[in-house]
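> I would like to see how this sequence folds:
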Amino acid sequence: MVALYPNSKVPWNKGKRVGQKLPLKLEQIWAVRIRLEIAENVRELAMFNMAIDSKLRSCDMVKLLVRDISRNGEVLDRAQVIQQKTNQPVRFEITKKTRESVEAWIKYRGLSGMDYLWPSRLRRSEHITTHQYARIVKKWIGSIGLDPSVYATHSMRRSKATLIYKQTKNLRAVQLLLGHTNMSSTVRYLGVEVEDALEIAESIEI
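Now for the predicted structure:
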């Protein structure tokens, strides 16, 4: 049989799963957290909790400085960073459990204000890379029996945002939390469908 397109290249995504990565469900978040707590993995517990709360892209997550999220040795309730992709500020909450785990990590590692929160173990003055962060995320996913091919660092960014949307249906709030510049990005990001709109409409009696 003669190929129709003998000179065509094999698609880069042939045999690979592509598309938006899945967010973690609430019970899956707790499953990872509990495993890290049992393992007494101070660094990764702090990293996981911060990833869920901050909803930051991996490029912003790995470049966090201690001073970005703490003052005078105490982790803040809320923090703000400038996003690399948009050059716009985004604010995020830091919950009690995250504050406690991050404070434990800072103390354990002896970090100060100008230090990176996630310093590389290979280069003393550098932070971990996005590739290193991605490998850590894959390990978290695999540790609770999920398929690592359908989750990635963006799963960390999407998880809490998706839970917030499901509970409140407040797209504007999620847009602000994710630092999106327009609503259409948030709609695509969350995968909001007509079904969601109908559920909201059905819940309102006139």
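
> I'd like the distance from Val81 to Val90, if you could.
Distance of Val81 to Val90, given as C-beta to C-beta, to the nearest Å: 6 Å. For glycine as for every other residue, the C-beta is placed from the backbone atoms N, C-alpha and C.

> overlap in contacts of those two?
Residues touching both Val81 and Val90 (C-beta atoms under 8 Å, 6 or more residues apart in numbering) are Leu56.

> Residues contacting the longest helix anywhere in the chain, please?
If you go by DSSP state H, the chain has its longest helix at helix 153-168. Helix 153-168 has contacts (C-beta under 8 Å, 6+ apart) with 20-24, 26, 29, 48, 51-53, 55-58, 61, 130, 133-134, 137, 141, 170-171, 173-174, 177-178, 189-190, 192.

> Buried ones among the residues you listed?
Taking 16 or more other C-beta atoms under 10 Å as the criterion, what is buried in the contacts of helix 153-168 is 21-24, 29, 48, 51-53, 55-58, 61, 130, 133-134, 137, 141, 171, 174, 177-178, 189-190, 192.

> Now do the end-to-end distance for stretch 100-119.
19 Å (C-alpha to C-alpha, to the nearest Å).

> In this protein, where is pLDDT below threshold?
1-19, 123-125, 192-206 (pLDDT under 70).

> Could you pull out the strands in it for me?
70-71, 74-75, 78-82, 89-93 (DSSP state E).

> now those in JSON lines, with distance to Trp118 and mean neighbour count?
Shown next, in JSON lines, are the strands of the chain (distance: least, C-beta to C-beta, whole Å; neighbours: other C-beta atoms under 10 Å):
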{"stretch": "strand 70-71", "distance to Trp118": "14", "mean neighbour count": "16"}
{"stretch": "strand 74-75", "distance to Trp118": "14", "mean neighbour count": "16"}
{"stretch": "strand 78-82", "distance to Trp118": "14", "mean neighbour count": "14"}
{"stretch": "strand 89-93", "distance to Trp118": "16", "mean neighbour count": "15"}
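
> now the ones you listed in a markdown table, with distance to Lys107?
Shown next, in a markdown table, are the strands of the chain (distance: least, C-beta to C-beta, whole Å):
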| stretch | distance to Lys107 |
| --- | --- |
| strand 70-71 | 11 |
| strand 74-75 | 11 |
| strand 78-82 | 18 |
| strand 89-93 | 22 |
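
> Can you tell me which of the ones you listed is nearest to Leu146?
strand 89-93 (24.7 Å; C-beta to C-beta).

> Who are the packing partners of that closest one?
Where contact means 3 or more C-beta pairs under 8 Å, 6 or more residues apart in numbering; DSSP states H and E, strand 89-93 is packed against helix 42-54, strand 78-82, helix 171-178.

> Can you show me the helices along the protein?
Using DSSP H, helices in the chain cover 26-38, 42-54, 58-61, 66-69, 96-109, 130-143, 153-168, 171-178, 183-190, 194-202.

> Tell me which of these is the most buried.
Between these, helix 42-54 has the highest mean count of neighbours, a mean of 23, where neighbours are mean count of other C-beta atoms under 10 Å.
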